[in-house]
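Colleague: Structure for this input, please:
(one chain, ligands or ions: 1)
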Amino acid sequence: MAYLASVSSSLSIFKNPQLSRFQFSFAPPNSLSLRPRIQFLSMPMNKTSSLVVVAATTAAEKQKKRYPGESKGFVEEMRFIAMRLHTKEQAKEGEKVTKAPEERPVAKWEPTVEGYLNFLVDSKLVYDTLERIIQDSTFPTYAEFKNTGLERADKLAKDLEWFKEQGYEIPEATAPGLTYSQYLKDLAEKDPQAFICHFYNIYFAHSAGGRMIGRKVAEIILDKKELEFYKWDGELSQLLQNVREKLNKVAEDWTREEKDHCLEETEKSFKHSGEILRLILT
Ligand code: HEM
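Modeller: Numbering: from 1, shown residues only. Have a look, this model is predicted:
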């Protein structure tokens, strides 16, 4: 119903006699679909003007279509989709409304050391998996990302060692980390575009929201101790920029369909990372 209302209010533009033919397309609010959207065409402006609903764009129109962020390179396209999947409380550009525990404002989190340790252990498993896949790979799409300086597994190993020295018992990895790790291994074998989507989201999320979370949690439960997980050797902004350039270059060889497929994987990346983040609050 909401869609119908927005369609009819948009129809006023058809009254403009200058427009002998006008067309627009729309998708339901919050739709992440990148596939052809429903399109409305108006016929020449006279009394018999009619509205024709066409179910799909033609190949030529599709080619002309611009994707948000496209002019800046593929990373910007991935970023655009990722930002829409945040809630407003998580990031200014966020649009998502449902609120799982980890989607509530970080300022209101009540973390526990035990939960945080589960989060660090599962995160380490995911980074171990990603970094082993990249390091062992001879496949150019993956090999490009060896030794970017963003790697986190060794840093997390040091942090877990520190917790041990403080007398904490280091837990075993739990279901969210184990499931995500296996999922990444499967993707790496059979779906490079989807794998690269996870690669981007995991490392870039950690450099943005992840650091914010680390600071907040350390304030509440670690007497502000800054963990190695949140430190990089070298200038982080430069490391990120180098990886952005490599990602853009890799994606230049992809067809539009392969790019869309990569973008469509973003939701899964949020789902898996969200489950690991939620451990902090257990
Ligand atoms: C509590 C959870 C989260 C919070 C508080 C959070 C917060 C943020 C913030 C503040 C930014 C920076 C926005 C800006 O540039 O102005 C950001 C960027 C981003 N986040 Fe999140 N985020 C969260 C979870 C996630 C998750 C689960 C993912 C995906 C796995 C993700 C992926 C990204 C990406 C890809 C960026 C863009 C980084 C860049 O611009 O280089 N975030 N997030």
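Colleague: And stretch 162-169, end to end?
Modeller: Using Cα to Cα, to the nearest Å, the end-to-end distance of stretch 162-169 comes to 11 Å.
Colleague: Let me see the mean pLDDT of it.
Modeller: Averaging pLDDT along stretch 162-169 gives 97.
Colleague: Can you point out the buried residues in it?
Modeller: residue 163 (16 or more other Cβ atoms under 10 Å). Glycine gets a C-beta too; all of them are placed from N, C-alpha and C.
Colleague: Report how many residues lie close to residue 210.
Modeller: 19 (other Cβ atoms under 10 Å).
Colleague: For the protein, give me the ranges with low pLDDT.
Modeller: Within the chain, the segments meeting pLDDT under 70 span 1-65.
Colleague: need the residues of it near the ligand, please.
Modeller: 79, 82, 86, 90-92, 102, 106, 201, 204-205, 208-209, 212-213, 269-270, 273-274, 277 (Cβ under 6 Å from any ligand atom).
Colleague: Need the buried ones from those residues selected in PyMOL.
Modeller: Here is the PyMOL selection string for the buried members of these, based on 16+ other Cβ under 10 Å:
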select buried, resi 79+82+86+90+91+102+106+201+204+205+208+209+213+269+270+273+277
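Colleague: taking the residues of the chain next to the ligand one by one, which sit in helices?
Modeller: Among the residues of the chain next to the ligand, the residues falling in helices (DSSP state H) are 79, 82, 201, 204, 205, 212, 213, 269, 270, 273, 274, 277.
Colleague: Which residue, other than its chain neighbours, is closest to the residue of the stretch 151-282 of the chain found nearest the ligand?
Modeller: At 2.3 Å from the ligand, residue 209 is the closest residue in the stretch 151-282 of the chain, using Cβ to the nearest ligand atom. Nearest in space to residue 209, with sequence neighbours left out and distances taken as Cβ to Cβ, 6 or more residues apart in numbering, is residue 90 at 6.3 Å.
Colleague: quick check: longest helix of the protein.
Modeller: helix 113-136.
Colleague: tell me what that one is packed against?
Modeller: helix 140-143, helix 153-165, helix 175-190, helix 192-205, helix 211-221, helix 266-278 (3 or more Cβ pairs under 8 Å, 6 or more residues apart in numbering; DSSP states H and E).
Colleague: Out of those, which one sits most buried?
Modeller: helix 192-205 (a mean of 22; mean count of other Cβ atoms under 10 Å).
Colleague: Please state the offset of that one from the chain centre?
Modeller: Put simply, helix 192-205 sits 8 Å off its chain's centre (Cα atoms, centre = their mean, to the nearest Å).
Colleague: tilt between it and helix 113-136?
Modeller: 130 degrees (axes from the mean of the first three to the mean of the last three Cα atoms, to 10 degrees).
Colleague: quick one, what contacts the closest residue to residue 94 other than its chain neighbours?
Modeller: Nearest non-adjacent residue to residue 94, counting by Cβ to Cβ, 6+ apart: residue 86, 3.3 Å away. Residue 86 makes contacts with 93, 94, 95, 96, 209, as judged by Cβ atoms under 8 Å, 6 or more residues apart in numbering.
Colleague: Now which of those would you call buried?
Modeller: By 16+ other Cβ under 10 Å, these give 94, 96, 209 as buried.
Colleague: Mind checking which of the residues you listed are in strands?
Modeller: With strands defined by DSSP state E, no entry of the buried ones among the contacts of residue 86 lies inside them.
Colleague: Out of the residues you listed, which comes closest to residue 282?
Modeller: residue 209 (18.8 Å; Cβ to Cβ).
Colleague: ok, that closest one touching residue 93?
Modeller: No. Residue 209 is beyond contact range of residue 93, at 11.7 Å (criterion: Cβ atoms under 8 Å).
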